[in-house]
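Trainee: Structure here, sequence nowhere to be found:
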Ligand code: 13P
Ligand code: SF4
């Protein structure tokens, strides 16, 4: 990466009244040129309130789609259209409709890691940061379909005591962070605080291995590591977050449970592609208005929970 690429990005951002939003799993250099870095919830909020005319979304497709749904009058660009999500791809709108047909009084809770068509059929969206609060506030007497991540769903069940119908989807990156790796890392760092993303497959095993383990969204990991007295942190999630954790707590040590926990979709976005995206206004992410209007309702229902 050359300085001139960064300069070009700064120039184009100003000239075009553009903003770059980046997820915490993005490459370090992409995070560094972004105006805002955060988790899915923070990025949705930022997308909803920005005055910029163009949003370049350095993240995966469902996140850019979310920004487009919340900002129908703005141009939302993703630097690489191939940046998808294996978890979002596990469920289609037809799958959700089939459940709704069988459960006419049911409530559908969709993790933001879903397509716009799936969101359009949901009552409310959630992210890993607010799933428990949103589900706790739902009607107690009606069935709840939680999709698509079964591990996040199981975590929410444990937190709320509510019985949920779970879609058996998983993220290949987080599902691949297993008990064996965790056990070894915790043995090597017995005094470290242990932070784990709820998409990981080993939630209950983790609590057994370390009862004070903290199940946190990516942004909650940043906040927790800043306020905790611990000097070492074992981190179970995609490794891109380490850049952000280290940036805010340079004197602390962060140890990934699995160095190879890398989301290839997130890493498809490079700084050169961010520059080209700004330069050529590509690739525009658009959602058909009928779908966007319905999906916006479930996203706004989520944002309203706070
Ligand atoms: P967050 O909601 O914590 O940002 O996670 C999004 C994601 O894609 C996790 O894999
Ligand atoms: Fe999707 Fe998993 Fe990548 Fe997150 S880490 S974007 S859930 S594939």
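Mentor: Nice, thanks for sending it over. Computed from a prediction, not measured in an experiment: that's the story for all the values here. Ligands and ions are numbered 1, 2, ... in the order given.
Trainee: going forward, measure contacts and count neighbours with C-alpha atoms only.
Mentor: Noted.
Trainee: Can you get me a residue count around whatever residue of the stretch 201-306 of the chain ends up closest to ligand 2?
Mentor: Closest to ligand 2 within the stretch 201-306 of the chain is residue 263: 4.6 Å, counting by CA to the nearest ligand atom. Residue 263 has 23 neighbouring residues, counting by other CA atoms under 10 Å.
Trainee: Is residue 234 part of a helix or strand, or is it coil?
Mentor: Here residue 234 is recorded as strand under DSSP: H, G, I helix; E, B strand; the rest coil.
Trainee: on that earlier part again, so the residue of the stretch 201-306 of the chain closest to ligand 2, which of the three states?
Mentor: Under three-state DSSP, residue 263 falls in the coil class.
Trainee: Now do the same contact list for the closest residue in space to it that isn't next to it in sequence.
Mentor: Excluding its sequence neighbours, the residue lying closest to residue 263 (CA to CA, 6 or more residues apart in numbering) is residue 173, at 6.2 Å. Neighbour list for residue 173: 238, 261-263 [criterion: CA atoms under 8 Å, 6 or more residues apart in numbering].
Trainee: Residue 196 now?
Mentor: 203, 213-216, 235-237.
Trainee: who wins for most neighbours among these?
Mentor: Neighbour-wise, the contacts of residue 196 (other CA under 10 Å) top out at residue 237, 30 neighbours.
Trainee: Can you report phi and psi for the nearest residue to that residue once chain neighbours are set aside?
Mentor: Excluding the flanking residues, the one nearest residue 237 by CA to CA, 6+ apart is residue 197, at 5.6 Å. Taking degrees, to the nearest 10, you get phi -80, psi 140 for the backbone angles of residue 197.
Trainee: now residue 109
Mentor: Backbone torsions of residue 109, given as degrees, to the nearest 10, read phi -110, psi 120.
Trainee: Can you tell me which residues in the chain are near ligand 1?
Mentor: Neighbours of ligand 1 within the chain, by CA under 6 Å from any ligand atom: 39-40, 127-128, 217-218.
Trainee: What segments of the stretch 101-250 of the chain are helices?
Mentor: 116-120, 131-136, 150-160, 172-175, 179-188, 203-209, 218-227, 241-248 (DSSP state H, counting those that start in this stretch).
Trainee: ranking those by mean pLDDT, which is last?
Mentor: Of all these, the minimum mean pLDDT falls on helix 203-209 (a mean of 72).
Trainee: who's in contact with that helix?
Mentor: Contacts for helix 203-209 (CA under 8 Å, 6+ apart): 151, 155, 179, 182-183, 196, 213, 215.
Trainee: Can you tell me which of these comes closest to ligand 2?
Mentor: Checking the contacts of helix 203-209 one by one against ligand 2 (CA to the nearest ligand atom), the nearest turns out to be residue 151, at 11.4 Å.
Trainee: list the contacts for the closest one?
Mentor: The contact partners of residue 151, taken as CA under 8 Å, 6+ apart, are 170, 198-201, 203.
Trainee: In strands, which of these appear?
Mentor: Assigned to strands by DSSP state E, none of the contacts of residue 151 qualify.
Trainee: The residues you listed into a markdown table, with extra columns for distance to residue 301?
Mentor: Shown next, in a markdown table, are the contacts of residue 151 (distance: CA to CA, whole Å):
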| residue | distance to residue 301 |
| --- | --- |
| 170 | 24 |
| 198 | 22 |
| 199 | 22 |
| 200 | 26 |
| 201 | 28 |
| 203 | 27 |
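Trainee: Buried among those residues? Need that as a selection in PyMOL.
Mentor: Buried members of those, defined by 16 or more other CA atoms under 10 Å, are picked up in PyMOL with:
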select buried, resi 170+198+199+200+201+203
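Trainee: burial measure for residue 46, as a count.
Mentor: Count around residue 46 with other CA under 10 Å applied: 16.
Trainee: And residue 98, by the same measure?
Mentor: Using other CA under 10 Å: residue 98 sits among 10 other residues.
Trainee: Confirm it sits in a strand?
Mentor: No: under three-state DSSP, residue 98 sits outside any strand and is assigned helix.
Trainee: circling back: ok, and the most crowded of the contacts of residue 173?
Mentor: Counting neighbours by other CA under 10 Å, the top entry in those is residue 238, with 25 neighbours.
Trainee: Cheers, nothing more for now.
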